[in-house]
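In: how does the following fold in three dimensions:
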Amino acid sequence: MAFEKYLVDYCSPTLASVKTANLFNWFYESSTELWEQVSYWNLLMNPKGVYLYVLKEHPKKALIYVCRKSRLAENLSRPGVAAFLAGYGYGELDVDAAIERLKSRFDKGEDFPHEIGVFLDYPLGDVIGFIENSGHNYKCSGCWKVYCDECESRRLFAMYQKCRDIYTRLYEQGRSVFQLTVAA
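Out: Numbering: from 1, shown residues only. Predicted structure coming up:
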C-alpha cells in the first residue's frame, strides 16, 4: 500500500488537526525507500505543522510516528505529565528531546514504552491506568483503553472515526494528502 494511503488510513485525525499524533507500521522494500518517503513527506508536510519520525526500524517494517509538534508541546506541559515521564527517564520536555527519548526507549529493546500514550494525545489518567492494570480492568476501549472518563473518550473515538471516514472518502474522490492536511 502506498505511504500516502497509510497517512489517510491511520493519521486522518492528526492531518485534520483534531488529534496530536498517530502511529502506524509501514512495510517497505528497502531502508532507502523508507527514508526517502519520510524525507519527502516531511519536506511536504512540515510547513503545515506535521512531522514524521521513524520510532523503530525493523527489516522491511518501520513504526512511523506522525505528529503536530505544537500540540505535542501543549500535551507535554499538562499537569502531571512531566512528573509521570520523569519516571521513564525523560528529563527535558522540549518536544525534540522528548521524541528522541521515546525513540531511544524503542532502540534499547526494553518493553514497549507505554508512556507513548502521552505522545498520542491519550488522557494521562488512561495511560497510567493502562500501565498500573497491565491493560486489564478498563471501562471501554477504542483508540486506547479507557480507565477514567468513558463518556468523553467515546465522544473522541466517534470524532476520530468520522474524521477517518470523511478523509477516506475525499481521498478516494481524488484529494491529495497535502490538500487534506490542515495548516497549523
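
In: quick check: buried residues in the longest helix seen in the chain?
Out: Once the chain is assigned using DSSP state H, the helix that runs over the most residues is helix 150-172. By neighbour count, and taking 16 or more other C-beta atoms under 10 Å as the criterion, the buried residues in helix 150-172 are 153, 156, 157, 160, 163, 164, 167, 171. (C-beta placed from N, C-alpha, C; glycine too.)

In: please name the nearest non-neighbouring residue to the fourth one.
Out: Leaving aside its sequence neighbours, residue 160 sits nearest to residue 13 (C-beta to C-beta, 6 or more residues apart in numbering; 4.6 Å).

In: same question, the first one
Out: On the basis of C-beta to C-beta, 6+ apart, the spatially nearest residue to residue 153 that is not a chain neighbour turns out to be residue 146, at 4.3 Å.

In: I'd assumed residue 135 was in contact with the one you found.
Out: No: taking C-beta atoms under 8 Å as the contact criterion, residue 146 and residue 135 are not neighbours in contact, 11.9 Å apart.

In: which one's more surrounded, the two?
Out: Neighbours were counted for residue 146 and for residue 135 using other C-beta atoms under 10 Å; residue 146 has more, 24 against 11.

In: from residue 155, how far out is that one?
Out: 11 Å (C-beta to C-beta, to the nearest Å).

In: SS state for the residue most central in space within the chain?
Out: Nearest to the geometric centre of the chain sits residue 22, at 2.6 Å (C-alpha atoms, centre = their mean). Secondary structure assignment for residue 22 (DSSP: H, G, I helix; E, B strand; the rest coil): strand.
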